[in-house]
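Undergrad: Mind folding the following:
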Amino acid sequence: MSICSTGAPDPKTSLRVLDAKWDGKSVFDVAEVAEIFEVTPWAIYEAIKRGELGAVKIGRLRKIPRHVIERKLVVA
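TA: Next comes the predicted model:
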């Protein structure tokens, strides 16, 4: 592991988990994650609240890192 490692999967060696539509995005908002999981934004907020989905709080916004979404999709 290099000193600059972020803990996120290497995009060159990892399998495609998300649709190509989401290429280039490293952080997603609640509405985008709801679209990916085909649930309501409310369900995503509740998953964040229960600790089932990791998110970063920026003021009133919640941002979900790509690696969190990919990990959830692989496990699901």
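Undergrad: For residue 64, list each beta-bridge partner.
TA: Beta-bridge partners for residue 64, by DSSP bridges, are residue 28.
Undergrad: ok, now which ones touch it?
TA: Going by Cβ atoms under 8 Å, 6 or more residues apart in numbering, residue 64 touches 27-30, 33, 44, 48, 53-56. Quick note: C-beta positions are derived from backbone N, CA and C, even for glycine.
Undergrad: Please check those residues and keep the buried ones.
TA: Among the contacts of residue 64, those buried by neighbour count (16 or more other Cβ atoms under 10 Å) are 28, 30, 33, 44, 48, 53, 55.
Undergrad: Identify the residues contacting the closest residue in space to residue 34 that isn't next to it in sequence.
TA: For residue 34, ignoring the flanking residues on the chain, the nearest one in space by Cβ to Cβ, 6 or more residues apart in numbering is residue 41 at 4.5 Å. Neighbour list for residue 41: 30-31, 34 [criterion: Cβ under 8 Å, 6+ apart].
Undergrad: if I look at residue 41, how far off is residue 24?
TA: Relative to residue 24, residue 41 is positioned 22 Å away (Cβ to Cβ, to the nearest Å).
Undergrad: Out of the buried ones among the contacts of residue 64, which two sit at the greatest distance?
TA: 28 and 48 (12.0 Å; Cβ to Cβ).
Undergrad: just the contacts of residue 64 now: which is nearest residue 71?
TA: Nearest to residue 71 among the contacts of residue 64, counting by Cβ to Cβ, is residue 54 at 8.9 Å.
Undergrad: what are the ranges of the strands in this protein?
TA: For the chain, the strands defined by DSSP state E cover 27-29, 56-58, 61-65.
Undergrad: can you list the ones you listed in CSV and add distance to residue 72 and mean pLDDT?
TA: Output for the strands of the chain, formatted as CSV (distance: least, Cβ to Cβ, whole Å; pLDDT from 0 to 100):
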stretch, distance to residue 72, mean pLDDT
strand 27-29, 12, 96
strand 56-58, 15, 95
strand 61-65, 9, 97
